[in-house]
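Undergrad: Requesting a structural model of the entry that follows:
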Amino acid sequence: MSVQFPPCPTSLKSIQHYLKTAAEHDQRDPVISYWCRLYALQCALKIDKKSDEAKVLLVRLMDWLETQKQALADNESITNDIAAQAHIENYALKLFVYADTQDRASNFGKNVVKAFYTSGMLFDVLQTFGELTEEIMQNRKYAKWKAAYIHNCLKNGETPIPGPIQDENNPEDDELGAVGGNTVEGGAGSSNPLGFYSPPPNQPSPYMPPPSASPNEPSSPSATPGASPYFPPSGYPSTPSGGVPTDLADLNSGFSSPNIAIPGSNSYPEGSSVVLKPEQITKAQKYCKYAASALNYDDVSTAVNYLEKAMKLLKTGVDA
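TA: All right, here's what the predicted structure looks like:
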């Protein structure tokens, strides 16, 4: 059953896209849903917390977030910022890699548009945990531009050009279209739709995807901050006009929460007599991933703590 919220007032129009993304993930991925609404709330509080219409929505969001936090108290991706950041980044990168692979293979369609669009929204949500890395910032800009560009081409009956595009002539800023409407960057309203920007011409040579990327299925890149395998060129043509579809129905089967490869049930560390279950191996992998995330932010003590948990689990089978 879908969650009902009061209508979003005009003053908070810029948060609608995050609320929409949250609604699309209520059943599929509650973690994504939770953090999208939390980010929307944080942005809204910086825009309008005084009008009666805004207050009604903000109070409802706060109540929902508190209820969800209690209901999902045993989910580390809700209670632990490092785990949450890794979960969201991994999911966003999975969408991004899928869309980029399809785009480079000239397989254009609503699924690709939506995957680029949603990954861009989720890269915004990562700002909840602090300043974005340069790689994520570039991926975000590229994803949002590509979503608008491909959609506009399809709408006008044109064939999109796959990959980054060389563009000597940047159209005027007013050509930036209302692709999903305005968005919020860093918690403040943005005059450009979806945070699109007017880039400089003469972009560098197109980046190349990893050889392992398959055009038929999304891959699962690392979830650690700063470990994005994609770093798009710094300049793209101005964003074309036109709206981006917001229905993720066709993507449901392809983009559940990223899965981690699980070794066989008889796997165990060399020299250890402990036979580990698949879920224990998975938990140890998560601890290592969280440790790597912590190191990206120089949080050595947290990294050591997670590594010690992983070591104890692998050696004894006991989760500390």
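Undergrad: Point me to the helix or strand that includes Gln42.
TA: helix 30-47 (DSSP states H and E).
Undergrad: Which element is encountered next along the chain beyond that helix?
TA: helix 52-71.
Undergrad: domain parsing for this structure?
TA: 1-209+223-256, 260-320 (automatic domain parsing).
Undergrad: Enumerate every residue touching the residue lying closest to Ala73 once chain neighbours are set aside.
TA: Nearest non-adjacent residue to Ala73, counting by C-beta to C-beta, 6 or more residues apart in numbering: Thr79, 6.5 Å away. C-beta here means a position set from N, CA and C on the backbone, and glycine is covered the same way. Thr79 makes contact with Lys69, Leu72, Ala73 under the criterion C-beta atoms under 8 Å, 6 or more residues apart in numbering.
Undergrad: Repeat that for Ala22.
TA: Ile32, Ser33, Tyr34, Cys36, Arg37, Ala40 are the contacts of Ala22 under C-beta under 8 Å, 6+ apart.
Undergrad: Setting the sequence-adjacent residues aside, check what's closest to the first one.
TA: Taking C-beta to C-beta, 6+ apart as the measure, Ile32 lies nearest to His25, with 4.2 Å between them; neighbours along the chain are not counted.
Undergrad: Now do that neighbour, the pLDDT please.
TA: On pLDDT, His25 comes in at 95.
Undergrad: How many residues are close by it?
TA: 24 (other C-beta atoms under 10 Å).
Undergrad: same thing with Asn107?
TA: There are 14 residues near Asn107, going by other C-beta under 10 Å.
Undergrad: Would you map the helices across this protein?
TA: 16-24, 30-47, 52-71, 76-79, 81-104, 110-125, 134-155, 278-296, 300-316 (DSSP state H).
Undergrad: mind checking which of those is nearest Gln4?
TA: Nearest to Gln4, of all those, is helix 52-71, at 8.8 Å by C-beta to C-beta.
Undergrad: Buried ones in that closest one, by neighbour count?
TA: Residues of helix 52-71 classed as buried by neighbour count (16 or more other C-beta atoms under 10 Å): Ala54, Leu57, Leu58, Leu61, Trp64, Leu65, Gln68.
Undergrad: Show the average pLDDT along that helix.
TA: Mean predicted confidence for helix 52-71 is 94.
Undergrad: Of all the helices and strands in this protein, which has the lowest average confidence?
TA: Taking mean pLDDT, DSSP states H and E as the measure, the chain has strand 188-193 as its least confident helix or strand, at a mean of 36.
Undergrad: Using PDB, write out every CA atom in stretch 73-88.
TA: Taking C-alpha atoms only, stretch 73-88 is exported to PDB below (Å, rounded to 0.1, in the frame of the first residue of the first chain):
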ATOM      1  CA  ALA A  73      15.900  -0.300  13.800                       C
ATOM      2  CA  ASP A  74      17.700  -3.500  13.000                       C
ATOM      3  CA  ASN A  75      18.700  -2.400   9.500                       C
ATOM      4  CA  GLU A  76      22.300  -1.100   9.700                       C
ATOM      5  CA  SER A  77      21.700   1.000   6.500                       C
ATOM      6  CA  ILE A  78      19.200   3.000   8.500                       C
ATOM      7  CA  THR A  79      21.000   3.400  11.800                       C
ATOM      8  CA  ASN A  80      24.600   3.700  10.500                       C
ATOM      9  CA  ASP A  81      25.600   6.500   8.200                       C
ATOM     10  CA  ILE A  82      28.500   4.700   6.700                       C
ATOM     11  CA  ALA A  83      26.400   1.700   5.900                       C
ATOM     12  CA  ALA A  84      23.700   3.900   4.500                       C
ATOM     13  CA  GLN A  85      26.100   5.800   2.300                       C
ATOM     14  CA  ALA A  86      27.600   2.600   0.900                       C
ATOM     15  CA  HIS A  87      24.100   1.200   0.200                       C
ATOM     16  CA  ILE A  88      22.900   4.300  -1.600                       C
END
